[in-house]
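Asks: pasted the sequence and its predicted model underneath.
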Amino acid sequence: MIRESLEGLKILRSYRQLLSTIKSRVPSPDIELIKKAFKFANRAHREQKRLSGEPYIIHPLAVAQILAEQRLDCQTIAAALLHDVVEDTAFIADDIGKIFGDEINKLVKSVTKISSVKNKGTGKNAKEANLRLKERESAENIRLMLLATASDVRVILIKLADKLHNMRTLQFQKPEKIERIASEVLYIYAPIAGRLGMFRIKSELEDLAFFCLHPDDFSQVNETLRQTRSERDDFITTVRKILKQRLKEINIEARVEGRAKHIFSIYKKMKKYDKRFEEIYDLRGIRIILNDIRDCYGALGIVHTLWPPIPGRFKDYIATPKVNGYQSLHTTVVGPDARPLEIQIRTVEMEEMADHGIAAHWLYKSDTGIPDAARLRWLKRLSRITEISDDTGDFIEDLRHELDPGEVYVFTPRGDVYDLPTGSTVLDFAFRIHTEIGLTCKGARVNDRIVPLRTELKSGDRIEIITDKNTSPSPGWLRYIKSPRARQKLRSYFRKEEEDQDTADRAERDRDRKDNTTDEQDIQELRIRRRKTHDPKSVPIEVEGATDIPVRYAGCCSPVPGDRIVGFVTRGRGVTVHRADCGLLPKNGQERSRIMNVRWAGLTEKYPVRIEIKAKDRQGLYLDLVGGITRTFTNILKAEADIPRAANDLMKARFLIEVEHIDHLQDIIESLQSVKGVLTVERVAERK
């Protein structure tokens with residue numbers, strides 16, 4: 001009886017807290033709807049317990065509380081209270097529809113559909129099978145969530161709140177499940193929250209997952225933060241007083257506060273830049289919050305008159321918002337203690353958007369009651385990832401690339417702005433404009449200078465794509481593409497071309513049997529061409545001599561037959577094949593031991609090919625030519641050059657190189673053509 005009364009008290013306390021939050025934070029609250037939803041959910045879950053032993057209704061109450069704190073509308077909060085009823089109790093969707101109407105019923109059905117993908121392994125290898133099925137189940141849940149979000153964004157908000165409360169109570173799960181869920185949250189759900197602009201939820205998800213996966217590292221950073229808090233607080237208090245005084249002098253009303261830095265972001269910077277805790281300078285951030293945009297730029301002027309700005313550290317996200325709608329001015333100055341100080345300047349509305357992301361749209365929605373469509377374009381782009389990859393592994397890899405927060409902003413000659421993932425090249429931009437432009441892309445002018453396709457773009461670049469209908473894509477292009485959508489468009493082109501090539505290859509083999517007069521060079525050419533293939537799955541992979549080990553292909557580097565490759569042992573999934581130069585492979589530490597030797601079965605033979613280059617002579621030309629070959633991971637067997645007698649004469653250079661297939665040769669030729677001064681690159685016959 002005592003336990004029951006304590007549980008009832010806990011439920012009542014959580015329920016009253018929810019009502020209080022809704023009354024104080026939610027615009028136009030419908031309290032009667034919330035009361036009705038709570039009573040229905042409480043009755044439905046009455047006999048159920050969580051793994052922690054507490055009444056199950058505590059979970060939907062907590063999910064609803066998170067959404068109320070985000071200032072969501074009462075229909076969404078009511079759906080959160082009901083989100084597990086259909087899945088976990090005897091009630092069905094029709095019951096929800098009859099009592100709460102179509103809008104709430106659709107939300108509950110969408111969330112239920114996402115959670116209902118379940119699989120079970122069977123047989124003696126059931127444990128291993130279950131691991132693979134769990135991965136597919138997880139990927140399918142994410143896919144369904146994004147698809148449902150395309151029709152109603154509130155589905156993903158309920159799911160993120162659900163995931164956040166589950167992470168807060170994850171300690172009651174089994175260790176292997178904790179690791180799997182925490183990894184999924186860190187690499188998928190937290191970035192999704194970030195892409196939605198919900199940085200408060202993103203930060204908590206990251207810290208909770210980080211604690212589960214790396215408890216010792218978490219404790220070390222957390223303890224150091226605690227020990228240095230007093231010093232940071234004193235410094236921030238001093239800076240706040242200076243700023244408030246100067247802003248008051250020019251009649252700008254502002255809220256000036258310290259900017260909290262969450263634990264995982266500190267740890268990431270320490271690892272990324274190989275720095276100690278005390279070297280992470282933006283632990284002491286300041287945020288200035290004002291009433292309108294004009295005051296933001298006025299405050300920026302005050303900051304730069306007080307302390308000198310550090311060159312290259314100013315970003316105007318007000319004039320050019322991030323793809324998730326984030327707006328703010330960022331500047332880093334040399335602070336009063338002669339150390340870097342990061343300052344963010346934004347309006348009250350921008351602050352709401354930065355904290356709550358798309359959830360803040362319910363505070364600033366239009367007269368139609370629908371969030372501004374312009375601000376939701378990026379969400380539709382995120383949802384399209386579900387249409388890109390059929391394979392589960394490719395889908396997750398592509399999604400992780402799409403969620404990469406790093407972005408560059410580039411311009412067309414007309415001034416249109418496009419956002420692309422950091423590291424994107426001319427080819428990414430061409431495919432972003434249109435598939436046909438990407439497929440016929442020959443080169444580009446970046447800031448009025450002709451550049452090759454592999455050129456990496458920087459924010460502010462102005463790009464004009466040069467097309468040629470006679471140009472056809474090379475598999476080597478996959479090495480130069482960063483964005484999943486561009487990579488998929490290129491893969492689709494190659495798959496179709498491969499199908500067309502099969503018919504031609506069969507006819508070619510018939511002709512080969514009849515023609516025995518082909519000279520040695522023509523035979524070599526045919527051998528190379530017959531090795532041409534674009535589909536990695538059409539060529540077996542040998543893992544340390546065996547071909548029966550399960551393999552999958554990494555979406556991050558998209559290896560194609562002929563690439564130099566290595567295998568990375570993936571827990572529960574066999575071996576993942578990466579290009580040998582893939583930037584995501586571990587550089588050191590224990591993870592490095594999981595790399596193993598693999599090779600394309602039957603594609604290990606290489607052929608000597610002689611090429612000749614004619615170019616306008618200049619200092620350093622020969623070294624640039626050598627570099628143009630070696631950056632395609634090609635071995636040079638022999639090299640010679642005719643040195644011109646007079647300046648600016650033509651230089652002829654000849655190289656004997658090892659070529660794996662005809663596309664590899666084309667890749668080398670394209671690389672050499674991009675070298676300044678090169679006029680022609682030709683394949684020539686072997687000297688007698």
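Replies: Arrived safely, thanks for sending.

Asks: how about Leu329, what does it touch?
Replies: Leu329 makes contact with 296-297, 300, 314-318, 344-346 under the criterion CB atoms under 8 Å, 6 or more residues apart in numbering. C-beta here means a position set from N, CA and C on the backbone, and glycine is covered the same way.

Asks: look up the closest residue to it, ignoring the ones flanking it.
Replies: Once flanking residues are discounted, Leu329 sits nearest to Ile345: 4.1 Å by CB to CB, 6 or more residues apart in numbering.

Asks: dump the residue contacts of the one you found.
Replies: Ile345 touches 287-288, 290, 296, 299-300, 303, 328-329, 331, counting by CB under 8 Å, 6+ apart.

Asks: for those, which one is nearest Leu61?
Replies: Checking these against Leu61 by CB to CB gives Arg287 as the nearest, at 31.8 Å.

Asks: could you look up the SS state of that closest one?
Replies: Three-state assignment for Arg287 (DSSP: H, G, I helix; E, B strand; the rest coil): strand.

Asks: for it, name its beta-bridge partners.
Replies: In this entry, Arg287 is beta-bridged to Glu257, Gln344, by DSSP bridges.

Asks: these two touch, right, it and Lys261?
Replies: No: using CB atoms under 8 Å, Arg287 is not in contact with Lys261, being 11.6 Å away.

Asks: return every residue with contacts to both of these two.
Replies: Counting by CB under 8 Å, 6+ apart, Arg287 and Lys261 have no shared contacts at all.

Asks: buried set for stretch 174-190?
Replies: Buried residues in stretch 174-190, counted by 16 or more other CB atoms under 10 Å: 178, 180-182, 184-186, 188-190.

Asks: redo the residues you listed as JSON lines? Include distance to Arg654, secondary structure and pLDDT.
Replies: Output for these, formatted as JSON lines (distance: CB to CB, whole Å; DSSP: H, G, I helix; E, B strand; the rest coil; pLDDT from 0 to 100):
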{"residue": "Ile178", "distance to Arg654": "61", "secondary structure": "helix", "pLDDT": "90"}
{"residue": "Arg180", "distance to Arg654": "56", "secondary structure": "helix", "pLDDT": "85"}
{"residue": "Ile181", "distance to Arg654": "59", "secondary structure": "helix", "pLDDT": "88"}
{"residue": "Ala182", "distance to Arg654": "57", "secondary structure": "helix", "pLDDT": "90"}
{"residue": "Glu184", "distance to Arg654": "54", "secondary structure": "helix", "pLDDT": "84"}
{"residue": "Val185", "distance to Arg654": "56", "secondary structure": "helix", "pLDDT": "89"}
{"residue": "Leu186", "distance to Arg654": "52", "secondary structure": "helix", "pLDDT": "87"}
{"residue": "Ile188", "distance to Arg654": "51", "secondary structure": "helix", "pLDDT": "81"}
{"residue": "Tyr189", "distance to Arg654": "56", "secondary structure": "helix", "pLDDT": "86"}
{"residue": "Ala190", "distance to Arg654": "54", "secondary structure": "helix", "pLDDT": "88"}
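
Asks: stretch 213-222 - what's its average pLDDT?
Replies: Averaged over stretch 213-222, pLDDT sits at 90.

Asks: return the set of buried residues in it.
Replies: Within stretch 213-222, the residues that qualify as buried are 213-214, 217-218, 221-222, counting by 16+ other CB under 10 Å.

Asks: same deal with stretch 290-300?
Replies: Residues of stretch 290-300 classed as buried: 290, 293, 295-296, 298-300 (neighbour count, 16+ other CB under 10 Å).

Asks: rewinding a little: let me know the closest of the buried residues of stretch 213-222 to His83.
Replies: Using CB to CB, Leu213 comes nearest to His83 of those, at 26.7 Å.

Asks: just checking, next helix/strand downstream of the host helix or strand of Leu672?
Replies: Per DSSP states H and E, Leu672 falls inside helix 662-673. Sequence order places strand 678-684 as the next helix or strand after helix 662-673, per DSSP H and E.

Asks: thinking again about what came up before, JSON lines for the buried residues of stretch 290-300, including pLDDT?
Replies: JSON lines is the format used below for the buried residues of stretch 290-300 (pLDDT from 0 to 100):
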{"residue": "Leu290", "pLDDT": "94"}
{"residue": "Ile293", "pLDDT": "92"}
{"residue": "Asp295", "pLDDT": "93"}
{"residue": "Cys296", "pLDDT": "94"}
{"residue": "Gly298", "pLDDT": "93"}
{"residue": "Ala299", "pLDDT": "94"}
{"residue": "Leu300", "pLDDT": "95"}
